[in-house]
Structures are given as C-alpha cells and as structure tokens.
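> sequence first, then the predicted structure, then my questions.
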Amino acid sequence: MQAEERQFLIEQHLQKVEFASLEELSEKVDVSISTVRRDLTLLETKGTIRRTHGGARLITPKSDEFTFSARDTHQLTEKDLIGHAAASLIKPNQGVIIDAGTTAYHVAKHLGGKASHIITNSLPVANHFGSDNSVEVLVTGGVIYPRLGVLVGPLAVESLSMMHADIAIMSGGGITLDGVTNSHALLIDIQRAMLKSAQHIIFCLDHTKFSRRSVSHLCEISAIDTVVTDKQSPKVLVEQLKQSNTKVVIAE
C-alpha cells in the first residue's frame, strides 16, 4: 500500500471515529506503528489531524454524532430510569467507578451522597460532583477530548491501574451474547482498565444497544455481573443473559 493511500485511509477512519490510538491505526492500514507515526506527521502538516499522546484526533469533525451533548439527547427517559435503577444497587459508602457514557452520567445524577468516592474519566461526571462535599472525586489523567467530555490515553489507563472500587458503572455501544462492544479503541483501553479495577461490574444499556455490535470488542458476557436496561429491551436476549448467570434489572 502506497503512503498516499495509507494516509487517505487513516484520515477516512478518523472522520468516522474522531480519534484513534497508534495501535488501532497500525492495524487498520496493516503497517508498523513507526510507519503510522510518519504518516500522522505528514497529515498533521496538512492541518487535518493533530497528534496526541499515543494516537491522533481529527481537528474538525464533520458532525456532532459523537459529542456528549448530542448523544445525551437520545433515549433520555430510558437513560434516566436506568440511572435511577442502577444507583439503587449501590450501597452507602461504596467506591464507584463511572465511565464516560451518557447513561453512566445519569447514574451519577441519582447517586446522591451514597458513594464514598467516585473515580471517573468523564468531565461531566466530575463537574456534577465538583461542589459535593460528601464525596471524594478522583479524576483520571489523560488527554482531554472536550467534545466527548472524556479523558483517554495511556495516562488515563495507567492511573486506573493504581485505583480500586467496589462497583464499576459501565456503558457500551452494543451487547450480544458474544459480549459488549464500543465505538473507539481508546475508550476500550480505559474501559478494560476499569473492569480490572472493580469488584462488581454493572453495565447500563438502553434497549437500542441490545443485539447490536459496535466497532471494537470490549468484554465477554462472563465479565459482567449485572445489566440494567429498560423494558423495551428484547425479551429473548434478556432471558439469554439471565441464563448465562448475568443479573438483569429492568428499570420501570
């Protein structure tokens, strides 16, 4: 593959996902990471992308599809019900990891003074608890993506490896019997670190995520303790999840 073709594919991929790690781009165009670095340097001189620690991001995305504010307008009623139901599963004084998904944000809104400490890579979640003296908030390091309201990258992953919580509140792009998937490799990296740092894993997924596969595989069903969803989720898959020893909570 010629350099021009590689760079076109890299830019095209970033137009779809907005940001990507070096490893993801290397796999996408089937070359070494060092070659991807050189391609990114050339693309950066053209002003279309910007190098970040461990990857690259698009400077001017074509749409607001992935912005936090745009995503948080989808299935608002369901997300709020799921948030309330998931928050009710958390016992007083537990430590809670909350990821950067919009449904996870609605869990944060219903936590009140329950948690002893919150660990998050979500700027909206951190801001929500910013003036709450009843809870200690630990924010991961990493690269800020303002439109997504998220901290990602190697520093975020490394900081999570040194933290621990009783519960992790997670989100995803889709769930099937093969597991949970999500849209960005950089999100996948930090979510996997969250999975390792918590004793009990709760995925909060509205009905639109059921029987859907997103870009990157996050985890197997066996890694999940509880799924909280709304009553519109397909009954067949809900029953299959229960049969696989995953607790399913339907938010009413």
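That came in fine, so what should we check first? Residues are numbered from 1 along each chain as shown.

> confirm residue 118 sits in a strand?
Yes. Per DSSP: H, G, I helix; E, B strand; the rest coil, residue 118 lies within a strand segment.

> who's in contact with it?
95-98, 108, 111, 125, 129, 135-138 (CB atoms under 8 Å, 6 or more residues apart in numbering). C-beta here means a position set from N, CA and C on the backbone, and glycine is covered the same way.

> which of the residues you listed count as buried?
By neighbour count, with 16 or more other CB atoms under 10 Å, the contacts of residue 118 hold 95-98, 108, 111, 125, 129, 135, 137 as buried.

> make CSV out of those and add secondary structure.
Converted to CSV, those look like this (three-state DSSP):
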residue, secondary structure
95, strand
96, strand
97, strand
98, strand
108, helix
111, coil
125, helix
129, coil
135, coil
137, strand
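
> pick the one among those closest to residue 161.
Distance to residue 161 across those (CB to CB) is lowest for residue 97, with 12.3 Å.

> got the buried ones among the contacts of residue 118 as CSV, with pLDDT columns?
CSV is the format used below for the buried ones among the contacts of residue 118 (pLDDT from 0 to 100):
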residue, pLDDT
95, 96
96, 97
97, 97
98, 97
108, 93
111, 92
125, 93
129, 90
135, 90
137, 94
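
> would you map the strands across the stretch 101-250 of the chain?
In order along the chain, the stretch 101-250 of the chain carries the following strands (DSSP state E, counting those that start in this stretch): 117-120, 136-139, 143-145, 150-152, 165-170, 174-176, 179-182, 198-204, 216-219, 226-230, 247-251.

> what's the closest of those strands to residue 42?
Taking the strands of the stretch 101-250 of the chain one by one with CB to CB, strand 143-145 is closest: 21.2 Å.

> so which elements touch the closest one?
Using 3 or more CB pairs under 8 Å, 6 or more residues apart in numbering; DSSP states H and E, the elements in contact with strand 143-145 are strand 150-152.

> which residues does the spatially closest residue to residue 158 that is not a sequence neighbour contact?
With CB to CB, 6 or more residues apart in numbering as the criterion, residue 158 has its nearest non-adjacent residue at 7.5 Å, and that residue is residue 141. Going by CB under 8 Å, 6+ apart, residue 141 touches 151, 155-156, 158-159.

> what subset of the residues you listed is buried?
151, 155-156, 159.

> among these, which ones are in helices?
Under the assignment DSSP state H, those contribute 155-156, 159 to helices.

> pLDDT and distance to residue 233 added to these, as CSV?
Below are these laid out as CSV (pLDDT from 0 to 100; distance: CB to CB, whole Å):
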residue, pLDDT, distance to residue 233
155, 90, 36
156, 91, 30
159, 94, 33
